[in-house]
Structures are given as structure tokens and as C-alpha cells.
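Enquirer: 3D model of this:
(one chain, ligands or ions: 2)
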Amino acid sequence: MTTAFSHIAIVGMGLIGGSFAAALKEYGLALSITGVDRDEATLRYAQQCGLIDHGLTSITPSLAGCSHLFVATPVGTFAQIFQQVAHHIPTVKVVDFGSVKGELSLELHQRFPQLDYLPAHPIAGSERSGIHAADSRLFMSRKFILTPLPKTSPDLTFQMQEVLQKISAHVCTMDPVEHDEIFGAVSHLPHMIAYALVDAISAMEKTSGLELSRYPGAGFRDFTRIASSDETMWTDIALANRSQLLNGLESFQNSLGNLRSAIENNDSESLKTLFRDARRYRDAIVRHMESTHA
Ligand SMILES: NC(=O)c1ccc[n+]([C@@H]2O[C@H](COP(=O)([O-])OP(=O)(O)OC[C@H]3O[C@@H](n4cnc5c(N)ncnc54)[C@H](O)[C@@H]3O)[C@@H](O)[C@H]2O)c1
Ligand SMILES: O=C(O)C(=O)C[C@]1(C(=O)O)C=C[C@@H](O)C=C1
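Expert: Ligands and ions are numbered 1, 2, ... in the order given. You can find the predicted model right below:
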């Protein structure tokens with residue numbers, strides 16, 4: 001079995017699709033890459049930079065020579081894309097890079113049983129989007145989750161593991177439902193809170209008449225960086241991982257309620273305990289991330 005790809009296609013040549021193409025090119029892991037994107041300027045730029053060899057604005061039978069197709073569009077587009085793949089190129093192996101797995105990937109697996117399909121999720125990215133943000137080193141030392149399904153061929157999982165290791169990603173395998181519980185808490189919830197915080201400050205600026213937006217320092221910038229992320233991507237994630245996010249929001253509301261009561265009651269002991277415990281938990285997480293270069 002060979003571990004490098006011959007002819008592959010990537011649907012969605014933005015931050016993630018473009019970075020994957022760039023990594024495959026840099027490490028010499030694909031003979032030819034066809035980029036599929038609805039945006040012609042994106043395809044032109046990707047071809048000029050040498051990230052892809054061919055560009056297409058839709059999935060057509062001309063992709064029949066591809067062994068693998070990687071899906072890196074917002075998760076709300078997956079059902080339609082899988083339908084086109086199943087119709088035009090049913091023998092291609094499909095890997096998606098969406099931020100939600102769980103119910104979404106199980107539904108795709110059931111709806112399109114003819115496809116050899118592996119759900120995957122790079123825990124790497126940024127608030128930037130589009131092909132101009134693509135970076136061949138994006139996945140280096142980052143976790144890359146694989147959630148194989150009952151009919152995913154062991155060969156496909158094995159081949160992805162090998163390729164991801166070659167681009168220096170740290171591969172972890174887990175159950176797709178567990179994936180959504182975990183990333184609903186540690187990735188999707190923080191994004192919702194960052195958006196909500198900025199929305200609250202914007203509303204406070206309007207009602208107070210104070211120019212709040214002129215005065216933030218590094219604390220605001222650090223906390224809210226992820227609120228500059230793409231709205232289509234995050235709308236799709238919020239709805240595709242709805243039940244886990246609703247659990248997370250409830251838990252966050254409880255913590256906020258505890259904080260609020262402590263402030264209302266001038267309860268310095270409770271405040272100090274909450275801040276100290278949160279600081280210790282956060283510091284331990286960051287120490288672990290730094291020790292694994294994640
Ligand atoms: N941005 C991150 O930090 C991050 C990290 C891990 C996974 N992901 C996941 O990766 C996927 C892509 O995210 P991104 O940040 O690269 O987005 P992006 O906005 O940078 O790129 C998406 C690309 O897909 C194209 N596109 C959109 N709909 C299409 C369609 N129906 N057909 C063809 N092309 C289409 C767009 O033109 C764009 O070029 C999403 O599913 C996201 O959840 C993102
Ligand atoms: O670094 C960022 O800006 C990110 O939001 C990346 C991040 C995350 O860590 O939450 C966001 C969504 C992805 O699915 C994976 C990674």
C-alpha cells in the first residue's frame with residue numbers, strides 16, 4: 001500500500017483546504033491536486049501560488065480519476081456536496097475537515113453508504129479565512145482528530161494517519177459523538193461567548209453614549225480574537241452541534257450566575273475561590289499545550 005496520493009481533489013480552497021494543499025505540495029505527498037471552489041478568484045490565486053494543478057468551480061465527472069476528495073467547506077454545505085460526489089464520482093474516498101462530526105457525519109454515512117468516508121478535524125486554524133490565509137505549516141504539531149465510522153475502510157484511516165504524521169500533525173482517533181461533546185465545550189462554546197461578549201459591549205456603547213470602542217487594551221484583544229472568525233462557518237457549526245452547545249451555554253450561565261451572586265453579595269471569598277480555581281485549571285491546560293507544542 002502506498003502512503004502518498006496520486007490524483008486528489010480538495011473542495012473548498014480556503015484556510016483549511018488551501019493549507020492542506022500547501023502541506024501536501026511542500027512534503028511532495030500528492031502528484032496532482034484539483035481544487036474545487038465556487039469562487040473563481042480563489043482558484044486562480046491557488047493555481048498561481050502552485051497549490052493546485054487544476055481548478056473547477058463544481059464537482060463534475062471529470063474528477064473520476066481522483067482517488068481521494070477532501071471536503072473543506074462550511075459544514076452546512078456537506079449534504080449537498082456529498083450528494084454531488086455520490087452522483088458523479090461514487091468510488092472516490094471522501095475525507096471531510098469540518099469542525100462538527102457526531103450526528104452530521106453519522107447522517108452522511110447513512111445517507112451515502114456507497115462512499116468510503118472518513119470524518120476528520122484539524123485542531124488548527126485561526127480567525128482568518130480564505131486562500132490568502134493558507135499556510136503549509138498550519139497543521140504542524142497540532143492535533144488532528146479522526147472519527148472513523150462503521151463502514152470507513154481501515155485502509156483509508158491508515159493512509160490518512162500516515163499522511164498526517166508526515167506533515168507533523170498529532171493524530172488522535174475518537175468516537176464522533178464524543179468529539180462533538182469535547183469540541184462543543186472547548187472550541188464551539190468559547191466562540192459563542194466571544195461573539196456574545198462583543199455584541200454586549202457594542203450594545204453598551206449604543207445605550208451609554210460612551211465611545212467604548214476607542215479604549216480597549218490587550219485584554220479585550222486577546223479575549224475576542226476569535227470573534228473575528230467567519231460568520232458562515234460559525235453559524236453552520238452552532239446549528240450542527242446545537243444540542244452540545246445548548247448544554248455548554250447552560251453550564252456557562254450557571255458559572256456566570258455564581259459570579260454575579262458573589263459580586264452582588266460582596267462575597268470576596270467566593271470570588272477569590274472561583275478566580276483561583278479557574279486560573280489553576282487554565283494554567284495547567286496551557287502548560288500541557290506548551291509541553292506538546294500544540
Ligand atoms: N477556520 C478554522 O479555524 C477551522 C479549523 C478546523 C476546521 N475548520 C473547518 O474547515 C472547513 C473550512 O473552513 P475554512 O476556515 O477553511 O473556511 P474558508 O472560509 O477559509 O474557506 C471555505 C472555502 O470554501 C468555498 N466554498 C464555500 N461553499 C462552497 C461550496 N458549496 N462549493 C464549493 N466551494 C465552496 C469558499 O469559497 C471558500 O474558498 C469548515 O467546515 C470548518 O468548520 C475550520
Ligand atoms: O485559533 C483559532 O482561531 C481557532 O478558532 C481554531 C479552532 C479552535 O481552536 O477552536 C476553531 C475551530 C476549529 O474547528 C478548530 C480550531
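Enquirer: flag every residue of the stretch 151-294 of the chain that's near ligand 1.
Expert: Residues of the stretch 151-294 of the chain that fall close to ligand 1, judged by Cβ under 6 Å from any ligand atom: Asp230, Met233, Ile237. Where C-beta positions appear, they are placed from N, C-alpha and C, glycine not excepted.
Enquirer: from the residues you listed, which are also near ligand 2?
Expert: By Cβ under 6 Å from any ligand atom, no member of these lies near ligand 2.
Enquirer: got the residues of the stretch 51-200 of the chain near ligand 2?
Expert: Going by Cβ under 6 Å from any ligand atom, the residues of the stretch 51-200 of the chain near ligand 2 are Ser99, Ile123, Gly125, Ser126, Glu127, Ser187.
Enquirer: would you check which pair of those residues lies furthest apart?
Expert: For those, with distances taken as Cβ to Cβ, the pair at the greatest spread is Ile123 and Glu127 (14.9 Å).
Enquirer: do whichever strand or helix holds Gln244 and ligand 2 meet?
Expert: For Gln244, the host element (DSSP states H and E) is helix 242-264. No. Contact of helix 242-264 with ligand 2 (Cβ under 6 Å from any ligand atom) is absent, the minimum separation being 12.9 Å.
Enquirer: quick one: buried residues of that helix?
Expert: Using 16 or more other Cβ atoms under 10 Å as the test for burial, helix 242-264 gives Gln244, Leu245, Gly248, Leu249, Phe252, Ala262.
Enquirer: dump those residues into TSV; add pLDDT as well.
Expert: Formatted as TSV, the buried residues of helix 242-264 follow (pLDDT from 0 to 100):
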residue	pLDDT
Gln244	98
Leu245	98
Gly248	98
Leu249	98
Phe252	98
Ala262	98
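Enquirer: and these, which is closest to ligand 1?
Expert: Distances from ligand 1 to the buried residues of helix 242-264, taken as Cβ to the nearest ligand atom, are shortest for Leu245 (13.9 Å).
Enquirer: for that closest one, what are its contacts?
Expert: Contacts for Leu245 (Cβ atoms under 8 Å, 6 or more residues apart in numbering) come out as Gly184, His188, Leu189, Met192, Ala238.
Enquirer: tell me how far it lies from Val94.
Expert: In this view, Leu245 and Val94 are 26 Å apart by Cβ to Cβ, to the nearest Å.
Enquirer: how about the strands in the stretch 51-200 of the chain?
Expert: Taking DSSP state E, counting those that start in this stretch as the test, the strands found in the stretch 51-200 of the chain are 54-56, 68-71, 93-96, 116-122, 143-146, 170-173.
Enquirer: with mean pLDDT and mean neighbour count added, can I get those strands in CSV?
Expert: Putting these into CSV (pLDDT from 0 to 100; neighbours: other Cβ atoms under 10 Å) gives the following:
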stretch, mean pLDDT, mean neighbour count
strand 54-56, 98, 16
strand 68-71, 98, 24
strand 93-96, 98, 24
strand 116-122, 98, 23
strand 143-146, 98, 20
strand 170-173, 98, 15
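Enquirer: can I get those in JSON lines with distance to His179?
Expert: JSON lines is the format used below for these (distance: least, Cβ to Cβ, whole Å):
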{"stretch": "strand 54-56", "distance to His179": "30"}
{"stretch": "strand 68-71", "distance to His179": "16"}
{"stretch": "strand 93-96", "distance to His179": "12"}
{"stretch": "strand 116-122", "distance to His179": "7"}
{"stretch": "strand 143-146", "distance to His179": "6"}
{"stretch": "strand 170-173", "distance to His179": "10"}
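Enquirer: what's the pLDDT at Ala194?
Expert: With respect to pLDDT, Ala194 has a value of 98.
Enquirer: now it. Nearest residue, chain neighbours left out?
Expert: Spatially, and ignoring its direct neighbours in sequence, Ala194 is nearest to Ala227 (4.1 Å; Cβ to Cβ, 6 or more residues apart in numbering).
Enquirer: re the thing from before, of the buried residues of helix 242-264, which is the nearest to Ser213?
Expert: Phe252 (24.7 Å).
Enquirer: which residues in the protein form helices?
Expert: Secondary structure of the chain (DSSP state H): helices at 15-26, 40-48, 78-88, 102-111, 154-166, 176-183, 189-208, 218-224, 231-240, 242-264, 268-291.
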